[in-house]
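**Student:** Take this sequence and fold it.
(2 chains)
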Amino acid sequence: MNGDELKDLAAGYALGALDGGDRQAFESRLGSGDREAARMLHDYQQAVTALVAEMTDSPPPPAVKNALLVRIDAEDRNRPGEVISLPVRKIIPAAAAAEKDWWNSFAGGAIAAGILALVAGYSFVSGYRDQYRRLESELAAIREEMAGIAADRDDFRATIEAQRVYAELVKNPSTQIVFLKGLDPGPRAAGRMLWQTKTGGVFVATGLPVPPAGKTYQLWAIQGANAPVSAGVFAPKPDGSCELNVNVLPVSGTVDVFAVTLEPEGGLPAPSGPMYLAGKGGI
Amino acid sequence: MTELLDQPGDSGRLLEQIASGSREAFAVFYDRFSAPVFGLIRRIVRSEPAAEEVLQDVFWQVWERAGDYDPARGSPEAWLYTRARSRALDRLRAKGSREVPSELTEAVATDPASTADDRRMAETALAQLSEAQRTVIELSFFGGLTHSEIARKLGEPLGTVKTRVRSGLERLRTIYSAERA
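**Tutor:** Have a look, this model is predicted:
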């Protein structure tokens, strides 16, 4: 991947515009500690955040903040382990109670009624809280399910997009189709490249051995005596298969040879490792 | 903590405090970012009541998920705006459309000042981009379209779209850098 391609990915990632395969490729680079990718993303994110920061002409109504703070307070009160303390009535010995006058009896009755009201109120509030907690729990489950559905949707869209690109390439008569044969390090491997110079292409392979730790496969496009051009790095699935969307490369005309080598993680500007697949170009 | 809360630049520290349950930090964080987040959401969902609901949802996520923020993945603003954009687009798609809203497409394709929100946008740095750059950035960031979806919608080669997105963002960076300087 050359510098401009990496910039394309970083810019697209900052805007949330990457397709499934590109997004995975860029996140993989970030995850592997690629400082260049992280620096580019940081730069583009600054532009995006500055753009959003300009959109402040009409603040939200205060009711939104109030509702949030009320919700936070309610959550604090409902934290497990907190107990609502009710007023405790002192126990009065029976003999002493008998000495009370009618007013005290009336007051005692009023207090008892008050306590009953408190207990009833507490029961009501407890019931409400139980219901609130149930709803919160159900809401959390629904959110979790929606997050799963959203992830499935993204995967599905990525798959559909990949199939669309593949179909477009297959039905285009000018598509260059290159069959790659497994070489000594991986004789069972096989690959196929569908390539359009102007729009890029798709590379698929099967039977590739799982690369050792710290290594990755790198696809190359070779034209005559020119230096090989990197067409991307990839890791096969556990079953040895892979599918790689390849962006437009800095080559003109048909590619003579596509080849796959084993390289250090992140890839190199020029091939250095053993060659696993190679195939000569042709329409 | 009060000293930290008064420092406008330390939003990451605010998120740490929110993650540990500071209601005060949450209020400061909300005051600092609610206006741009609201502007972003409203731009995407194109409905004031819906934008208020999504805004509340986003900041509730901030309260519950502040601990998820990873400084290695970007600034607190980027983390927040990404969540806001994602929620707003989810809301838009929940209305039954996976496609970018026709209002946005039409606004982008015709007159950048055709609605109140578009008029506001016309005052931002986005308006200083070429029409081609502005179109792809609006379709991706506010419309939720990917590179290939934009290419299909505009009938342009994928590589062209990617280049326009990148050059548009680079132009924005230059504009904002000049403003800060």
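
**Student:** what helix or strand is the residue in chain B that chain A sits nearest to on?
**Tutor:** Going by CB to the nearest CB, chain A is nearest to residue B:39 of chain B, at 2.9 Å. Bear in mind the C-beta positions are built from the backbone N, C-alpha and C, glycine included. In this structure, residue B:39 is located in helix B:23-45 according to DSSP states H and E.

**Student:** in that helix, what counts as buried?
**Tutor:** By neighbour count on 16 or more other CB atoms under 10 Å in any protein chain shown, the buried set for helix B:23-45 is B:25-30, B:32-45.

**Student:** How is chain B partitioned into domains?
**Tutor:** As given by automatic domain parsing, the domain ranges for chain B are B:1-97, B:99-181.

**Student:** Could you identify which of those domains has the lowest mean pLDDT?
**Tutor:** Ranked by mean pLDDT, those end with domain B:99-181 at the bottom, a mean of 78.

**Student:** Quick check: residue A:63 vs residue A:74, distance?
**Tutor:** For residue A:63, the distance to residue A:74 equals 16 Å [CB to CB, to the nearest Å].

**Student:** So which residues of chain A form strands?
**Tutor:** If DSSP state E is used as the criterion, the strands of chain A fall at A:176-182, A:190-196, A:200-206, A:215-222, A:229-234, A:242-246, A:257-264, A:275-280.

**Student:** who does the fifth one pair up with?
**Tutor:** If I follow you right, that is strand A:229-234. Strand A:229-234 pairs in its sheet with strand A:215-222 (antiparallel), by DSSP bridges.

**Student:** can you list contacts of the strand it pairs with?
**Tutor:** Strand A:215-222 is contacted by residues A:195, A:203, A:208, A:211, A:228-236, A:242, A:244, A:246, A:249, A:251, A:255-268, A:271, A:273, A:276 when judged by CB atoms under 8 Å, 6 or more residues apart in numbering or on different chains.

**Student:** Can you report how many residues lie near residue B:170?
**Tutor:** Residue B:170 has 16 neighbours, counted by other CB atoms under 10 Å in any protein chain shown.

**Student:** give me every residue that touches it.
**Tutor:** Counting by CB under 8 Å, 6+ apart, residue B:170 has contacts A:11, A:47.

**Student:** Distance of it relative to residue A:173?
**Tutor:** Per CB to CB, residue B:170 is found 37 Å from residue A:173.

**Student:** do residue A:255 as well
**Tutor:** Distance of residue A:255 to residue A:173, computed by CB to CB: 17 Å.

**Student:** who's more crowded, these two?
**Tutor:** residue A:255 (24 against 5).

**Student:** Quick check: that one touching residue A:195?
**Tutor:** Yes: Residue A:255 is in contact with residue A:195 according to CB atoms under 8 Å; the separation is 6.2 Å.

**Student:** Common neighbours of those two, please.
**Tutor:** The contact sets of residue A:255 and residue A:195 overlap at A:176, A:178, A:221, A:281 (CB under 8 Å, 6+ apart).

**Student:** Contacts only, for the last one.
**Tutor:** Contacts for residue A:281 (CB under 8 Å, 6+ apart) come out as A:176, A:178, A:195, A:254-258.

**Student:** Could I get the phi/psi values of the residue of the stretch 151-283 of chain A found nearest chain B?
**Tutor:** Here the residue of the stretch 151-283 of chain A nearest chain B is residue A:248; by CB to the nearest CB that distance is 4.2 Å. Residue A:248 has phi and psi values of phi -60, psi 140 when expressed as degrees, to the nearest 10.
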